[in-house]
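Student: any chance you could fold what I've pasted below:
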Amino acid sequence: MEAAITILALLFVAFIALGVYATVKAVGAAKRGVDRTITQARRTVEDTTLRAKSFGQTGVAGELAQLRLALRTSMRATQDALHAGVAEDSSLAESVGLFRRLSAHGLELDDELKRLEREPDRATVAALLPQLKERTQRITHSADSLRWAARDRARQFADDDLDALNAQIDIEAGALRHWTVEEQRPQQASGAASQGPGAGARRAHDAGVDWPEPPAGAGAGNSSTADESWGGPAREEAPQAITAPDPHLRTRYPWQKAARPETTN
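Tutor: I've put the predicted structure just below:
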């Protein structure tokens, strides 16, 4: 019984602690949301005021408003681009670190421009304007460089992924149209069979290859012709017997004398 009471007490305490933790987290999230909303509202009001001053006022006040508006617009756009890109590309973490260092200079310049807006000595502020413009241009140029580099990197990754996807789709489309390949194979086979056995000889003749024709009257058993056509040594003819001519079978002419009979003593 005591064990059951102890377990129930522990469960009750655990539920209480969990509820307190959830309440604190919810209050913190709500507070952060309210702070974010207030910051955005204040930023929107300041941007609207700066636009109104840059268009409505002339002289030093209008130029200061234009500098602040250009600085804030460039820094905010770069911040949004880097924070959106670092979630997908971790290599932008170093760029985010560089932007934080640049943001310190940008905030310092923005505070200085805000103080100069309330400065009564307009002549001194006018003398400082060239230097302030140069600093603003340097900061905005660096911010724009980071922002466009991050966008170009993301676009290049998207192009590479699209090229790989197009190649895979082409392969898949070819595999789905497998019947076209099967239809081309019988057509090629029928075309080769329709050419006949003499197609090879005709192709060889068209290509300029002429084989030496065998001499007329030569049979398949004429081995001497075959040896000569392939460049082999010709067979030697069998030697014939030497026989003396018959004197009685010779043709006699009128101017020849008759042969004397041989006598023996």
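Student: ok, now how distant is residue 38 from residue 31?
Tutor: Taken as Cβ to Cβ, to the nearest Å, the spacing of residue 38 relative to residue 31 amounts to 10 Å. The C-beta positions use only the backbone N, C-alpha and C, and glycine is treated the same way.
Student: do residue 160 as well
Tutor: The separation that residue 160 has from residue 31, given Cβ to Cβ, amounts to 43 Å.
Student: residue 71: neighbour count?
Tutor: Applying the criterion other Cβ atoms under 10 Å, we find 23 residues in the vicinity of residue 71.
Student: spatially, what comes nearest to it if we skip its sequence neighbours?
Tutor: Nearest residue to residue 71 in three dimensions, chain neighbours excluded: residue 136, at 5.4 Å (Cβ to Cβ, 6 or more residues apart in numbering).
Student: residues contacting the one you found?
Tutor: For residue 136, the contact set (Cβ atoms under 8 Å, 6 or more residues apart in numbering) comprises 67, 70-71, 109.
Student: show me the two of those that sit farthest apart.
Tutor: Taking every pair in the contacts of residue 136 and measuring Cβ to Cβ, the maximum separation is 11.0 Å, between 70 and 109.
Student: quick check on residue 111: phi, psi?
Tutor: Taking degrees, to the nearest 10, you get phi -70, psi -40 for the backbone angles of residue 111.
Student: how close does the nearest residue to residue 92 once chain neighbours are set aside sit to residue 58?
Tutor: What sits nearest to residue 92 in space, not counting adjacent residues and going by Cβ to Cβ, 6+ apart, is residue 86, at 4.3 Å. To residue 58, residue 86 is 41 Å away according to Cβ to Cβ.
Student: for residue 120, see how far away residue 38 is.
Tutor: If you measure residue 38 against residue 120 using Cβ to Cβ, the figure is 31 Å.
Student: for residue 49, same thing?
Tutor: When Cβ to Cβ is applied, the distance between residue 49 and residue 120 equals 20 Å.
Student: which of those two has more neighbours?
Tutor: Regarding residue 49 and residue 120, a neighbour count based on other Cβ under 10 Å identifies residue 49 as having more, with 13 against 6.
Student: what kind of secondary structure is the more buried one in?
Tutor: Per DSSP: H, G, I helix; E, B strand; the rest coil, the local secondary structure of residue 49 is helix.
Student: residues in contact with it?
Tutor: For residue 49, no residue meets the contact criterion (Cβ under 8 Å, 6+ apart).
Student: pLDDT wise, what is it at?
Tutor: On the pLDDT scale, residue 49 is placed at 74.
Student: elements contacting the helix or strand containing residue 108?
Tutor: In this assignment (DSSP states H and E), residue 108 forms part of helix 93-117. Counting contacts by 3 or more Cβ pairs under 8 Å, 6 or more residues apart in numbering; DSSP states H and E, helix 93-117 packs against helix 60-86, helix 122-176.
Student: report the contact partners of the residue nearest to residue 140 when sequence neighbours are not counted.
Tutor: Once flanking residues are discounted, residue 140 sits nearest to residue 74: 4.2 Å by Cβ to Cβ, 6+ apart. Under the criterion of Cβ under 8 Å, 6+ apart, the neighbours of residue 74 are 139-140, 143-144, 147.
Student: what of residue 33?
Tutor: Contacts for residue 33 were tallied using Cβ under 8 Å, 6+ apart; there are none.
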